[in-house]
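S.K.: Okay, here's the prediction I keep looking at, along with the sequence it came from:
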Amino acid sequence: MRATSSLTALFFLVFMFQSEALSKESVPEWLVGYWHYTFDDGSTTDAIEFRKNGEYVDYSKDCIPVGTGRFELKNGSIYIIRTRSGIDKISSPMVPTGDHKHLVVVLKNNGKRASFWRSQVCVRNKG
């Protein structure tokens, strides 16, 4: 019985390690980097950086880091997970366009659409 329990525990640990490694490798290259929030008039505000390890960084309009967290991919959409007071808050899904140059999200609170465009660097907002 003890051998069976040890074997089950070992299998569970190996599975967890493989799942974690798989999720980190499953972040597509086109997603890694900076994405800028865009209004309908084309102006931008803040930015977000997606990293290969499943973490993200929020940046202010001046490209100053203001927050971090993690994200997950599910059914082709990206979900930002922010933890506040020990509770995970999951964003509305960010859906990539077919050419992977934009991420589109419909905001939960007001139903409006927001768009993020891909950039190689964080671009400071001049306005």
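M.R.: That came through, no problem. Numbers count the residues shown, from 1 in each chain.
S.K.: Which residues belonging to the helix or strand in which residue 82 is found are considered buried?
M.R.: Here residue 82 sits within strand 77-84, counting by DSSP states H and E. Neighbour counts using 16 or more other C-beta atoms under 10 Å place 77-78, 80, 82 of strand 77-84 among the buried residues. Just so you know, the C-beta spots here come from the backbone N, C-alpha and C atoms, and that holds for glycine as well.
S.K.: Name the strands paired with the longest strand seen in the chain and say parallel or antiparallel.
M.R.: Taking DSSP state E as the criterion, the chain has its longest strand at strand 65-74. Here strand 65-74 is paired, per DSSP bridges, with strand 55-59 (antiparallel), strand 77-84 (antiparallel).
S.K.: Can you list the low-confidence ranges for this structure?
M.R.: For the chain, residues meeting the criterion pLDDT under 70 lie at 1-25, 39-44, 125-127.
S.K.: This protein: strands as residue ranges?
M.R.: Using DSSP E, strands in the chain cover 33-38, 44-50, 55-59, 65-74, 77-84, 87-90, 94-96, 102-106, 113-119.
S.K.: Could you export these as CSV, including distance to residue 27?
M.R.: As requested, the strands of the chain are exported to CSV (distance: least, C-beta to C-beta, whole Å):
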stretch, distance to residue 27
strand 33-38, 11
strand 44-50, 7
strand 55-59, 10
strand 65-74, 7
strand 77-84, 9
strand 87-90, 17
strand 94-96, 12
strand 102-106, 14
strand 113-119, 14
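S.K.: which residues does residue 60 contact?
M.R.: Residues in contact with residue 60 (C-beta atoms under 8 Å, 6 or more residues apart in numbering) are 46, 66.
S.K.: let's go with 10 Å and repeat that
M.R.: Contacts for residue 60 (C-beta atoms under 10 Å, 6 or more residues apart in numbering) come out as 45-47, 66-67, 122, 124-125.
S.K.: circling back to that earlier point, with distance to residue 105 as extra columns, can I get the strands paired with strand 65-74 in TSV?
M.R.: Below are those laid out as TSV (distance: least, C-beta to C-beta, whole Å):
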stretch	distance to residue 105
strand 55-59	14
strand 77-84	9
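S.K.: Report the buried residues of stretch 87-100.
M.R.: Those would be 91, 93-94, 96, for stretch 87-100 by 16+ other C-beta under 10 Å.
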